[in-house]
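Asks: sequence and predicted structure below; questions after.
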Amino acid sequence: MGGLKALVAGLSAVFAFIRKILAGLLGLLFGSVHWTPPNWLAWLWRGASTGLSAAAAWLRGNPLRGTGIAVLFVSLTAASLYGWHWYQHRPKPVELSFTVEAPPPTCYNCEAPYNGPKPLYVRFSGSVAPLRATGKNVDPKSAGIDISPAIAGVWTWEDDKTLKFLPGADWPIGQAYAVSFAKRGFAASHVHLKDYGLKFATVPFSAKISSTEFYQDPVNVNDKKVVVTVNFSHPADTADFENRIKLDLFNKISDADEEEVGKPTFTVQYDKYKLQAFIHSEQLAVPAKQGRLAVEIGAGLRAARGGNKTAEALNSSTVVPGQFALEVSDLALDIARDQHDDPRQILLLHTSYSVTEKEITSKVRAWLLPLTRSCPSAGTTRTSRRNCSRPPNRWP
């Protein structure tokens, strides 16, 4: 017992020495600091000091019991650490994961049977299906499968790793779903899954302008209009679509300014499945200078079957050529066959306004160039002759 008292006294002296050294270092670094603690901190300090003094007095009077309590505390701490280590390193069951293939959009313009709804697939990383269910349709209630919101359809284990769901009717548009699997009854008894639920969403309705073109009838040169092509992901609500279309015609005043001159009327045509819309403006008069037709289709478009609405407006515009603003928009070479079925090289020109054959012929010139350029004649710079001699010496 005397040795224990000496150990306690020695530790107290060491702590006092360390406190003195630290106090001296802090004084050298920061000088003399006078600080008055708040009442709540002073109260806590007094309580802690009183408690520590009482504990120290009890330990001096009961050294054997104090030693026993310390040994018990150390033992409990060591046992807790060992238990945690054992728990973290104990053998764990193999947990299988899965990937989800959300249903792609329905191909409405495909031939049967490819024009129906597409299935949802859940593909597992290992064998999951009970042996009795592999390759068969399963009842979702007895198989421990739940989908929310509820939708009629058939669940099938295509093999031991692939679960498929095919709805009885087309998927709702832009709908979010949650699927949960029961921890008992869904998979084979020895199988553990990393997750027992999944979420997916069906394809939302969308629309985009694929082209905006100025069209001129090749036979009737006075028939000039703008044609806008709009593509939909699902058959569109045509009445709602047409109510959101707005056309504005502008004439160019200067290079930087233009003025609105009208709001042309339009007609709309659709393909068989209402997946494409073709907006035809009324016949447009040719302005003196270049003009522009702007197209705006307001937000809020929806499919004929409902679902989500588009969040943003669609905008596009195209140039309306003027009488005094002729442009060649495209120039290309091609091969065509004459009346004797002989191949001939032809030059294709696309102009912004109708031009007669006589006018085009009088303005076009063509030259047949050699395959490679010849070197400059004498008298040119040495650098030019040196660059010319480097193969391949072809035309750009």
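Replies: Received the coordinates, thanks. Numbers count the residues shown, from 1 in each chain.
Asks: surely A201 touches G174?
Replies: Yes. Here A201 reaches G174: they are 7.1 Å apart, a contact under C-beta atoms under 8 Å. (Glycine included, C-beta is placed from N, CA and C.)
Asks: among those two, which residue is more densely surrounded?
Replies: A direct count of neighbours by other C-beta atoms under 10 Å for A201 and G174 places G174 higher, at 19 against 12.
Asks: now that one: how far from G306?
Replies: 9 Å (C-beta to C-beta, to the nearest Å).
Asks: one more: S362?
Replies: 60 Å.
Asks: quick one: contacts for G307?
Replies: 172-175, 204-205, 234 (C-beta atoms under 8 Å, 6 or more residues apart in numbering).
Asks: picking that back up, between S362 and G306, which one's more packed in?
Replies: G306 (13 against 9).
Asks: and that one, bridged to which residues?
Replies: For G306, the beta-bridge partners are A303 (DSSP bridges).
Asks: please apply the same query to L163.
Replies: Beta-bridge partners, per DSSP bridges, of L163: V122, W157.
Asks: that one reaches W155, doesn't it?
Replies: Yes. Contact criterion C-beta under 8 Å: L163 and W155 qualify, at 6.9 Å.
Asks: quick one: the strands in the stretch 51-200 of the chain?
Replies: 95-96, 98-101, 120-124, 137-138, 145-148, 153-159, 162-167, 176-181, 192-193, 197-201 (DSSP state E, counting those that start in this stretch).
Asks: can you lay out those as a markdown table showing distance to R337 and mean pLDDT?
Replies: Output for the strands of the stretch 51-200 of the chain, formatted as a markdown table (distance: least, C-beta to C-beta, whole Å; pLDDT from 0 to 100):
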| stretch | distance to R337 | mean pLDDT |
| --- | --- | --- |
| strand 95-96 | 64 | 90 |
| strand 98-101 | 50 | 96 |
| strand 120-124 | 51 | 97 |
| strand 137-138 | 60 | 95 |
| strand 145-148 | 61 | 96 |
| strand 153-159 | 54 | 96 |
| strand 162-167 | 52 | 96 |
| strand 176-181 | 58 | 96 |
| strand 192-193 | 67 | 92 |
| strand 197-201 | 54 | 96 |
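Asks: mind listing what V228 touches?
Replies: V228 neighbours (C-beta under 8 Å, 6+ apart): 209, 211-213, 278-279, 295, 316.
Asks: let's see that with 6 Å instead.
Replies: By C-beta atoms under 6 Å, 6 or more residues apart in numbering, the residues touching V228 are 212, 279, 295.
Asks: please apply the same query to A332.
Replies: Counting by C-beta under 6 Å, 6+ apart, A332 has contacts L348.
Asks: who does it bridge with?
Replies: L348.
Asks: please enumerate the helices of the stretch 1-150 of the chain.
Replies: 2-30, 39-61, 63-89, 140-143 (DSSP state H, counting those that start in this stretch).
Asks: quick check: D248 is in a helix.
Replies: No. In this structure, D248 is strand, not part of a helix, as judged by DSSP: H, G, I helix; E, B strand; the rest coil.
Asks: how near is it to E296?
Replies: Counting by C-beta to C-beta, the gap from D248 to E296 is 8 Å.
Asks: which of the contacts of G307 count as buried?
Replies: 172-174, 204-205, 234 (16 or more other C-beta atoms under 10 Å).
Asks: going by distance to Q290, which of the residues you listed wins?
Replies: F205 (36.4 Å; C-beta to C-beta).
Asks: do I have it right that that closest one meets A303?
Replies: Yes. At 4.4 Å, F205 counts as touching A303 under the criterion of C-beta atoms under 6 Å.
Asks: now do the shared contacts for these two.
Replies: 173, 234.
Asks: that older thread, could the strands of the stretch 51-200 of the chain be laid out in CSV, adding distance to S254?
Replies: What follows is the strands of the stretch 51-200 of the chain, written out as CSV (distance: least, C-beta to C-beta, whole Å):
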stretch, distance to S254
strand 95-96, 69
strand 98-101, 56
strand 120-124, 58
strand 137-138, 71
strand 145-148, 61
strand 153-159, 63
strand 162-167, 59
strand 176-181, 52
strand 192-193, 69
strand 197-201, 50
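Asks: quick one: which of these is nearest Q345?
Replies: Going by C-beta to C-beta, the one of these nearest Q345 is strand 98-101, 51.3 Å.
Asks: report the buried residues of that closest one.
Replies: Buried residues in strand 98-101, counting neighbours by 16+ other C-beta under 10 Å, are found at F98.
Asks: what secondary structure does E296 sit in?
Replies: Under three-state DSSP, E296 comes out as strand.
Asks: so what's it up against?
Replies: Counting by C-beta under 6 Å, 6+ apart, E296 has contacts 246, 313, 315.
Asks: nearest to F98, out of the helices of the stretch 1-150 of the chain?
Replies: helix 140-143 (15.3 Å).
Asks: other residues contacting the closest one?
Replies: With contacts defined as C-beta under 6 Å, 6+ apart, helix 140-143 is touched by W155.
Asks: in it, which residues are buried?
Replies: By neighbour count on 16+ other C-beta under 10 Å, the buried set for helix 140-143 is 140, 143.
Asks: over to stretch 149-160?
Replies: For stretch 149-160, by 16+ other C-beta under 10 Å, it's 151, 153, 155-157, 160.
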